[in-house]
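**Q** Quick check, what structure comes out for this input:
(6 chains, ligands or ions: 12)
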Amino acid sequence: MRAREMLKDKIKLLCDALNNLADEPLTFMEVCGTHTVAIYRSGLRSLLPKNVSLVSGPGCPVCVTDQGEVDAAIQLANKGDLIFATYGDMLRVPGTKGSLQDLRARGADVRVVKSCDEALNLALKNPTKEVAFLGVGFETTAPSTAAVILEAAEREIENFSVLCFHKLVPPALRLLAGSKELKVDGFILPGHVSVVLGVAPYMFLPRDFKVACAIAGFEALDIMEGIVELARQVRYKDFKVSLLYARAVKPEGNPLAQKLVRRVFDEADARWRGLGEIKKSGLRLKAEFSRFDAAAKFDLRIEEVPLPSGCKCGDVLMGKITPQQCPLFAKRCNPDDPVGPCMVSSEGSCAACYKYSHKVM
Amino acid sequence: MRAREMLKDKIKLLCDALNNLADEPLTFMEVCGTHTVAIYRSGLRSLLPKNVSLVSGPGCPVCVTDQGEVDAAIQLANKGDLIFATYGDMLRVPGTKGSLQDLRARGADVRVVKSCDEALNLALKNPTKEVAFLGVGFETTAPSTAAVILEAAEREIENFSVLCFHKLVPPALRLLAGSKELKVDGFILPGHVSVVLGVAPYMFLPRDFKVACAIAGFEALDIMEGIVELARQVRYKDFKVSLLYARAVKPEGNPLAQKLVRRVFDEADARWRGLGEIKKSGLRLKAEFSRFDAAAKFDLRIEEVPLPSGCKCGDVLMGKITPQQCPLFAKRCNPDDPVGPCMVSSEGSCAACYKYSHKVM
Amino acid sequence: MFVELKHGSGGRPTQQLIGEILSIYGDNSIKDLEDCALIEGGLGVTIDGFTVSPRFFPGGDIGKLAVCGSTNDLAVRGVKPMYLAMSILIEEGLPKEELIKVVKSAYGVSKELDVKLVAGDTKVLPRGQADGMYITCCALGKAVTGRPWGINNLSSGDILVITGPIGKHGALISALHYGLDVDQLASDCAPLWPLMQPLTEVAGVKCARDCTRGGLGTVLCEWAEGAGIGIEIEEDLIPLDPEVASVADVLGFDVLHLACEGTAVIAVAPDCAEYVLSSLRVLAPNCTAIGKVTEDHPGIVGLKTEIGGIRVVDMLAGEMVPRIC
Amino acid sequence: MFVELKHGSGGRPTQQLIGEILSIYGDNSIKDLEDCALIEGGLGVTIDGFTVSPRFFPGGDIGKLAVCGSTNDLAVRGVKPMYLAMSILIEEGLPKEELIKVVKSAYGVSKELDVKLVAGDTKVLPRGQADGMYITCCALGKAVTGRPWGINNLSSGDILVITGPIGKHGALISALHYGLDVDQLASDCAPLWPLMQPLTEVAGVKCARDCTRGGLGTVLCEWAEGAGIGIEIEEDLIPLDPEVASVADVLGFDVLHLACEGTAVIAVAPDCAEYVLSSLRVLAPNCTAIGKVTEDHPGIVGLKTEIGGIRVVDMLAGEMVPRIC
Amino acid sequence: MCLAVPHRIEEILDSKRAIAAAGPLRVEVRTDLIDDLNVGDIVLVHAGFAIEKCEEEDGQELEELWEEVLRLAGKRDA
Amino acid sequence: MCLAVPHRIEEILDSKRAIAAAGPLRVEVRTDLIDDLNVGDIVLVHAGFAIEKCEEEDGQELEELWEEVLRLAGKRDA
Ligand code: SF4
Ligand code: SF4
Ligand SMILES: [Mg+2]
Ligand SMILES: [Mg+2]
Ligand SMILES: [Mg+2]
Ligand SMILES: [Mg+2]
Ligand SMILES: [Mg+2]
Ligand SMILES: [Mg+2]
Ligand SMILES: [Mg+2]
Ligand SMILES: [Mg+2]
Ligand SMILES: [Mg+2]
Ligand SMILES: [Mg+2]
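**A** Ligands and ions are numbered 1, 2, ... in the order given. Next comes the predicted model:
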């Protein structure tokens, strides 16, 4: 009870400070989908002054996985006699022809795993079958994929491979910050990505683009602190990368995780759904580990596929429009029958927006 | 209607003739289990004079399959990753530890087929799996097993094999006829076995043992005719093999079927449940086809196993006792939970007897 | 001990399994061996699970079967079907149109009977944990006969009437299951209430039963054993389609054990047998008397065969599988 | 279009599927959005299929769940559970002792509630066509309230009371399914009639619902949408066990969507809320008021969050799968 | 022992297979064991194989038996 | 983006694995990404891997922010 009161007191103080600091219309982007969900789930928007608005960025691995990549995943899962392991998040993402969930309903052996480690265990338990893991996610997830591939290499496991679509956040932020259409005054930077990366990779943002930046945690309080800090930086023109999540993020990040990623992957150009190709924004397995590369092993072609007609995911991811401004939103596109990927993951901008606010209270 | 009346008239005439001919107590054995079932199902016994009785012989492939053979079948079916195909008849036959049906319930891939040809088709449809067929039956079924093995050899099918427990009727009849304990005045010889064998293989019976013999069909009328013919032979001491089923049986049998059997099999000693080993009473695959021999392929050992304690199947098969004289009959042993094999197949002597007459009307 | 397929065949092992379950419930259950319970207010209640494979077959589908099968259990007790509660288990991946088609069939029979769907439930099972779809139907209705029909009314001399040829559903499903091709064979799947309703006003009607799993033979054994009476029927009198006879011949089945899904056996006092037959004949032209209840051999069903012999009829003992011998 | 697991999750896709089925039945069905139908003579009827995996879990098993789940649907309408019809589908190979154990559990609850088993059915499915066993239970009883409880009674100002901590069953089953180890977590699986019975005499009780598939959130959305009322609840007031919160955190689930199997939400007129709470407290010490019905935002459920923000609560939209983000 | 049912050959598929009918029921059967098979032939089918063609005639021994039976019934001379 | 939940290390299984507890819930986690792990450490777990140890302190920048917030509320001097 005491804790709840203290929390409410703190939120009140932060709201007051924000009212005080935000003397002009401000737009901040939360880059990370988990922030997006936390913002909606906590009803935080309802506490903000009218002149402060939040837009959601490209921070959901589901949303940024390119349709051609999803199609490749489905093509692979559809091979007979193969176990396809995926994080639950990717299950409902529509490819050109249906989702992994649809495939499973029609008999493909698609398994939901909570970690890449579980996928490797599936390979160990099913030695006569190929097990392919769909490796998606940002700097946070890439180290675990790297660790598991290293273990598979050490133990000479032959029936395991990864369809590797990991993506890197800073190159996408550079693209966003440089866009003329984007008008954001500050970024709430992704907390858990920062756990791995540390602070340095974001320094170019305040330096080159004069935007406010805060690394924040995922409690409503953390996020509110982040917003106030962004407003403070704008008010005082004190642009920097403020580390408010020092409980978990060290300035240098997690060097061990960074090393593992460098050991197993090379940086590579990657296609982001809606954003197009971004230089050096993805990870590719080093030649030395190519036997674990599912795309090579099963000769998959990753095609360039247009977004479903009418879907404005790219604009939503760029923060150019809010989900409600997409003509399909809550009409042809809804969480039961998503058109675009932003409607799929519960942290996709469109899904979060649908779930928590499409009904106007 | 007309046909039904004619049938009843004929039966009446045959009953009268039997009353007339049977002037002493007579015991006849129907060798074939299908005769046994037909006799019970038609209620034929209720029409016989008191001094004519029928006993059931060893004519059911289920009943004569040795327990060691059943155990080998179960051992094989219990191997993972193998499809075990069997005639429905063998499903419930108890081995030392349960039946194929029990195994299936616990997850073994046991399939009921209506012919050996279906088993071969299973092998063609499941090229990555071994398919083993349980080859049981007498001269009637052996030619079909032979034909399928020849086809498998021609088409070089490698994932198919047969666990071959085929048995031959004449050697068993010789054993029976020569037994001092057996007191039968005549044999109703198996109709369909005779279709393949013809008449000659039975000639030793009237010649060496002075018993009446008739080859009869399977309608109640056919069987009644057979019984009257046996009574006639005894009455006039005119012992011979009377062919009353010329509709289907040619005196020389089916030479093509005989040739196929000789092409694929050699005669071999075989163990009969309850009767023990009988010389040259079984069929073994020729060396040339040994790659289709499941026992060799999977290194199965066929052990000599005692009958379940208390089971008098041997005595029942020999006609020494009626099923009701077995102390377990209708008590510990019943069709829902058979102890001995004679209670398993619906044409097993004990099962037929249980089903149609254990309740005294 | 494991549950095996034989426990679902409808014969003696099924009876035993159900007996064990009921014994757990003891006095907290109705154990009168009827297909439909009568509770306070003259309300009839029955429940049945339907798992038929294939789901669509000549003469019906799992939806029609579920409504017929459950309401028939009411009809044969003289209970007018009025309400349905239906629970559907669906395997992930079932085409939606199949589900719709099945529900439409169920609706067709419901409408014909003027039965209202009052409760429903759907569950979806992961792929491989069901075979397409299963339906459980609970049917409710009001008893409209003077005294409830049931096996306790059976007495010596009662005439046994069958409403049509036996074994059609069982023969069809077996033929489909084992890959036999019988063009002319269709399930007898149909609602029995239209047949039974006129009989509810006939005082001499004693007892009726739809001859489902286990067939006519099993039903008569249940009657004989349950009521402690003897039964005699004549093979020559039992209506049988040649298609059904052929399937039974080829697979080695006894036609008396093949299921019906719209055919009932009815016991009636001798003095009204003719009236009942003529009443039935309007909708069931092949109905016929096949035998009678006797004082002799209580607990036993005797069959007078084609050749004039007598044999005992028993319940189905295990799973029906095709035999070579 | 295929039926998918999401259609069984209890949320909006489930509602839509059921809606399609009901639309086929048209006027031949009851479509009042309640879990239990009231038919003539004040008889309540409900049916539910139970397919829980694993079959045995801390706090219960599929047998207990089936009797609780079906009778709870009666209880929350103020209907006294009196009769059960139970259909069991069994996979070939199920150990008989498991079946017996499950039936004994079912019996335990039945006896506690003095409910009689009046109809039953068993079917055995070939190996691989079911996952062990499924139970469908149809429960029947008599409405004992003055006016039937139901969503049509809901009106502005009604207080929403929850009988205990939410999401325990759903959190447990998810934890077991995804291999999480939570010693202290048990299903809340329990019969609700003992809680509801004293309330049947309280005129101010309007409506109740057990928060099964889809959880409290989905039930409240059904109420808001079905009755055209607004609902406001407060996160701080909703009782929640720390185990449940942890499972939801780790798997990325919303606790408002986790199923309960012995926990109900009850709407009561404001003037008797205190009385209802004190009456409930005898058996449900953690019962509490969590919000109220409003005139504002009809059709919408609003949640006042921990930090004092407001957000909309929606039905569960698809299958619940663990997420990494 | 060996359940066999008469079938009528309806259609010859190849040297080893035919469609056969048991009354209204049609099945594919193997015909390896029969020489010179023609549509219309009646065959005994056992375990999916035709094992023999059936004839119309009853054969001499059955005829003799019936003469004896009728004689015993007083319907034929001794 | 990356759901991560704090867990307390309960038992170290080997150089790559530990048992960790999120409140009353115990799971096995991979610890490849953490040096010098001890029982009692609080770690953030993402996708089955501990990705970092957590500290008690809020850090200097958060403290500075709160000074500003309190100042604006009139509870601190400028
Ligand atoms: S609402 Fe749907 S179609 Fe529109 S941008 Fe979002 S995901 Fe794409
Ligand atoms: S009754 Fe049973 S135990 Fe006795 S001989 Fe027959 S099969 Fe064997
Ligand atoms: Mg019933
Ligand atoms: Mg029924
Ligand atoms: Mg019935
Ligand atoms: Mg329900
Ligand atoms: Mg299936
Ligand atoms: Mg219900
Ligand atoms: Mg329920
Ligand atoms: Mg409910
Ligand atoms: Mg039933
Ligand atoms: Mg299973």
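**Q** Could you name the specific helix or strand carrying E:Val27?
**A** strand E:25-30 (DSSP states H and E).
**Q** residue boundaries of the helices in the stretch 51-200 of chain C?
**A** With DSSP state H, counting those that start in this stretch as the criterion, the stretch 51-200 of chain C has helices at C:62-75, C:96-113, C:168-177, C:193-196.
**Q** so which of the ones you listed gets nearest ligand 10?
**A** helix C:96-113 (21.4 Å; C-beta to the ion). In this view, the C-beta of every residue, glycine as well, is placed from N, C-alpha and C.
**Q** What is the least confident helix or strand in chain E?
**A** Counting by mean pLDDT, DSSP states H and E, chain E has its least confident helix or strand at strand E:25-30, which shows a mean of 92.
**Q** is any part of that one close to chain B?
**A** Yes: shown here: strand E:25-30 in contact with chain B (C-beta under 8 Å from any C-beta of the partner chain) through E:Arg30.
**Q** before we move on, back to that, relative orientation of the strand holding E:Val27 and helix C:168-177 in degrees?
**A** Counting by axes from the mean of the first three to the mean of the last three C-alpha atoms, to 10 degrees, strand E:25-30 lies at 30 degrees to helix C:168-177.
**Q** Strand E:25-30 - contacts with which helices or strands?
**A** The elements that strand E:25-30 packs onto, with contact taken as 3 or more C-beta pairs under 8 Å, 6 or more residues apart in numbering or on different chains; DSSP states H and E, are helix C:242-251, strand E:5-14, strand E:17-22, strand E:42-46, strand E:49-53.
**Q** any chance of the ones you listed in JSON lines, plus mean neighbour count and distance to ligand 10?
**A** As requested, these are exported to JSON lines (neighbours: other C-beta atoms under 10 Å in any protein chain shown; distance: least, C-beta to the ion, whole Å):
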{"stretch": "helix C:242-251", "mean neighbour count": "22", "distance to ligand 10": "45"}
{"stretch": "strand E:5-14", "mean neighbour count": "16", "distance to ligand 10": "55"}
{"stretch": "strand E:17-22", "mean neighbour count": "20", "distance to ligand 10": "53"}
{"stretch": "strand E:42-46", "mean neighbour count": "23", "distance to ligand 10": "56"}
{"stretch": "strand E:49-53", "mean neighbour count": "26", "distance to ligand 10": "58"}
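**Q** which stretches of chain A have low pLDDT?
**A** A:1, A:346-347, A:356-361 (pLDDT under 70).
**Q** can you tell me how far the residue positioned nearest the centre of it sits from chain E?
**A** By C-alpha atoms, centre = their mean, the mean C-alpha position of chain A lies nearest to A:Cys60, the distance being 2.5 Å. In this view, A:Cys60 and chain E are 57 Å apart by C-beta to the nearest C-beta, to the nearest Å.
**Q** follow-up on the earlier one: okay, the angle between the strand holding E:Val27 and strand E:42-46?
**A** 80 degrees.
**Q** Could you give the separation of strand E:25-30 from the chain centroid?
**A** 15 Å (C-alpha atoms, centre = their mean, to the nearest Å).
**Q** Could I have the CA atoms of it written out in CSV?
**A** This file holds the C-alpha atoms of strand E:25-30, laid out as CSV (Å, rounded to 0.1, in the frame of the first residue of the first chain):
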residue,chain,number,x,y,z
LEU,E,25,-20.1,-54.5,-53.3
ARG,E,26,-17.0,-53.8,-55.5
VAL,E,27,-13.5,-54.4,-54.6
GLU,E,28,-10.1,-54.7,-56.2
VAL,E,29,-8.7,-58.2,-56.0
ARG,E,30,-5.4,-59.8,-57.0
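**Q** what angle sits between it and helix C:242-251?
**A** Going by the same axes, to 10 degrees, strand E:25-30 makes 30 degrees with helix C:242-251.
**Q** check contacts around the residue of chain E found nearest ligand 11.
**A** Here chain E gets closest to ligand 11 at one residue, E:Leu25, 29.1 Å apart by C-beta to the ion. Contacts for E:Leu25 (C-beta atoms under 8 Å, 6 or more residues apart in numbering or on different chains) come out as C:Ala175, C:Leu180, C:Asp181, C:Val182, C:Leu185, C:Glu243, C:Ser246, C:Val247, C:Val250.
**Q** Which residue comes closest to the third one once chain neighbours are left out?
**A** It refers to C:Asp181. Counting by C-beta to C-beta, 6 or more residues apart in numbering or on different chains, E:Arg26 is the residue found nearest to C:Asp181 once chain neighbours are left out, at 4.4 Å.
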